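[1] how does the following fold in three dimensions:
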Amino acid sequence: MVKLNSQKTIQSVENKFLKKDLPILKIGDNVKIGVKIIEGDRERVQFYEGTIIAKKNSLINTTIIVRKILQGIGVERIFLIHSPKIDSIEVLRSSKVRRAKLYYLRKLRGKASRLKQTF
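    Predicted coordinates:
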């Protein structure tokens, strides 16, 4: 009888669904994410642009929290980056940050919430 390691079995199945063409995402990056949206019988791509304030790495369940300001109100959205609903991820600008999570941006308003850009 062959003994199967359940951890390795799960990992081998998950590896088939990992996206290979993802850019390197860091905290503080300004990103533009194309999300597939189905409206009736049509499918279109809607772009969501904002700053990555948090990242959680766990293989196929890797998520990022993207924050943007919409009409003076902060809007945050969590994206599962290996999801088939994510069409594209493009890094627009990188920033120099000294934290792993940028939750403090929630309290800041206006110019105070700007991050120093890296080139």
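[2] other SSEs contacting the longest strand along the chain?
    Taking DSSP state E as the criterion, the chain has its longest strand at strand 42-56. The contact analysis (3 or more Cβ pairs under 8 Å, 6 or more residues apart in numbering; DSSP states H and E) places strand 42-56 against strand 30-39, strand 63-70, strand 73-80, strand 86-96. Glycine gets a C-beta too; all of them are placed from N, C-alpha and C.
[3] quick one, what contacts the closest residue to Thr63 other than its chain neighbours?
    Of all residues not flanking Thr63 in the chain, Lys56 sits nearest, at 4.8 Å (Cβ to Cβ, 6 or more residues apart in numbering). The neighbourhood of Lys56, defined by Cβ atoms under 8 Å, 6 or more residues apart in numbering, consists of Thr62, Thr63, Ile64.
[4] can you read off the pLDDT for Lys56?
    On pLDDT, Lys56 comes in at 94.
[5] skipping adjacent residues, who's closest to Arg44 in space?
    Nearest to Arg44 is Ile37, by Cβ to Cβ, 6+ apart, at 5.7 Å.
[6] make sure the one you found is actually in contact with Phe47.
    No. With contact defined as Cβ atoms under 8 Å, Ile37 does not reach Phe47; the gap is 10.5 Å.
[7] and Lys107, how far is that from Gly74?
    Distance from Lys107 to Gly74, counting by Cβ to Cβ, to the nearest Å: 10 Å.
[8] out of the two, which sits in the more crowded spot?
    For Lys107 versus Gly74, the count of surrounding residues by other Cβ atoms under 10 Å is larger for Gly74: 16 against 9.
[9] give me the number of residues near Ile64?
    By other Cβ under 10 Å, the residues close to Ile64 number 22.
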